[in-house]
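Participant: Got a sequence here, can you model it:
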Amino acid sequence: MSIDQSQKTNEQDTRAAINRFNDAFNRHDTDALATCLTDDTVFEDTAPAPDGRRVEGKAAVVEFWREWFTNNTEAHFDAEEVIVSGDRAVVLWIYRKMRNGQPWHLRGVDIFKVREGKVAAKLAYVKG
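Facilitator: Sure, this is the predicted structure:
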């Protein structure tokens with residue numbers, strides 16, 4: 001396999017892993033989400049300011065999302081653009097939910113690292 005073909009295959013695998021993660025996330029399906037993560041996965045949240053909170057390990061990350069989904073039952077992330085380079089992906093997104101009975105949104109970006117078809121890191125950043 002040529003270098004170009006190998007990189008293309010790696011990028012396809014990375015995109016597929018990100019798509020599986022995003023689909024499970026928007027279903028609020030923590031069991032499916034767990035299958036998308038490496039055992040040593042890292043998640044960096046956008047809060048608290050200024051640097052956010054770092055959560056390490058699959059069990060801790062899944063528990064974080066389980067609690068977050070419980071507190072944000074209507075939350076949905078729309079990927080505006082997914083940019084893949086090798087085992088890395090940048091996802092520009094809009095987070096939508098109802099707030100005080102009104103539609104509300106927040107824009108941000110996630111930087112992912114994928115290893116062996118699973119998310120090894122998800123670093124989140126927001127505008128504003």
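
Participant: ok, which stretches of the chain are helices?
Facilitator: For the chain, helices defined by DSSP state H occupy the ranges 3-27, 30-35, 58-71.

Participant: Now do the second one: which elements does it pack against?
Facilitator: Based on contacts counted as 3 or more Cβ pairs under 8 Å, 6 or more residues apart in numbering; DSSP states H and E, the elements that helix 30-35 packs against are helix 3-27, helix 58-71. In this view, the C-beta of every residue, glycine as well, is placed from N, C-alpha and C.

Participant: cutoff 6 Å now
Facilitator: Helix 30-35 sits against helix 58-71, with contacts defined as 3 or more Cβ pairs under 6 Å, 6 or more residues apart in numbering; DSSP states H and E.

Participant: So what touches the helix it packs on?
Facilitator: Residues from elsewhere that reach helix 58-71 (Cβ atoms under 6 Å, 6 or more residues apart in numbering): 28, 30, 33, 34, 37, 39, 41, 43, 55.

Participant: for stretch 79-94, same thing?
Facilitator: Contacts of stretch 79-94 (Cβ under 6 Å, 6+ apart): 10-11, 14-15, 18, 22, 77-78, 105, 107-114.

Participant: Name all residues that make contact with residue 124.
Facilitator: Contacts of residue 124 by Cβ under 6 Å, 6+ apart are 46, 110.

Participant: re earlier: just the buried subset of the contacts of helix 58-71, please.
Facilitator: For the contacts of helix 58-71, a neighbour count by 16 or more other Cβ atoms under 10 Å gives the buried set as 28, 30, 33, 34, 37, 41, 43, 55.

Participant: and which of those is nearest residue 128?
Facilitator: The shortest approach to residue 128 among the buried ones among the contacts of helix 58-71 belongs to residue 43, at 20.7 Å (Cβ to Cβ).

Participant: Hmm, that closest one is touching residue 54, no?
Facilitator: No. The criterion here is Cβ atoms under 6 Å, and residue 43 misses it with residue 54 at 7.5 Å.

Participant: Give the burial count for residue 54, as a bare number.
Facilitator: For residue 54, the count of nearby residues is 11 (other Cβ atoms under 10 Å).

Participant: How about it, nearest residue that isn't a chain neighbour?
Facilitator: residue 44 (5.2 Å; Cβ to Cβ, 6 or more residues apart in numbering).
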